[in-house]
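K.L.:
here are the coordinates; sequence isn't available:
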């Protein structure tokens, strides 16, 4: 029989590298005490990594750099949202950075939330800040939808050209195209028209 530690690790591995989580992500199957012990042991064995108080990840590894990469900020932010029972949406500047549309190196990533203003320190001098916002700004089912819409809003219609569309497309898995298109139908007309160009499965631009 698999130990609780093995079962927890199996669930983590099943979500893929970069996945971030906290103890209650496993509470449906195990007791709190068992989860805490399993996460502690897995951290000591370097199977997972503690990135902040109560938050862990399954780190990505670069063979080229021969080291673990920085935490996936989207995954970390979603883990905090689950932990605190908040709805969140990425801010415009952070969306640009995540999608590779900004050359600025940032240490602080900002998200909008329906919770109070909070900031959390992470590994590698990174931090994530949540700013209280009205719920009308937080309405997409898929994180990719938020990323694209917020990035386009921040850039503005006049700055979005074929190169921007290509760069965004490179960051989005084709399997997500239809979900994003359904998710963003209520967006401003020019933004939705741009998203249609981004999510063209046969695009050769």
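P.N.:
Nice, I can see it. What you see is a predicted model, and the numbers here were worked out from it, not measured in a lab.
K.L.:
all strands for the protein, in order.
P.N.:
Ranges of strands in the chain, per DSSP state E, are 20-21, 49-52, 55-57, 61-62, 67-68, 88-90, 108-113, 118-121, 127-132.
K.L.:
which one of these is the most hemmed in?
P.N.:
Mean neighbour counts were compared across those using mean count of other C-beta atoms under 10 Å; the top stretch is strand 20-21, at a mean of 26. (Glycine included, C-beta is placed from N, CA and C.)
K.L.:
distance of residue 164 from residue 192?
P.N.:
Distance, residue 164 to residue 192, by C-beta to C-beta, to the nearest Å: 16 Å.
K.L.:
nearest spatial neighbour of residue 183, skipping sequence neighbours?
P.N.:
Distances taken as C-beta to C-beta, 6 or more residues apart in numbering put residue 145 closest to residue 183, at 4.2 Å, once the chain neighbours are dropped.
K.L.:
Give the burial count for the one you found, as a bare number.
P.N.:
The local packing of residue 145 (other C-beta atoms under 10 Å) involves 21 other residues.
K.L.:
Domain ranges for this protein, per the record?
P.N.:
Following the assignment in automatic domain parsing, the chain carries domains at 4-68, 73-198.
K.L.:
OK, contacts around the residue nearest to the spatial centre of the chain?
P.N.:
Nearest to the geometric centre of the chain sits residue 74, at 1.7 Å (C-alpha atoms, centre = their mean). With contacts defined as C-beta atoms under 8 Å, 6 or more residues apart in numbering, residue 74 is in contact with 90, 98, 143, 147.
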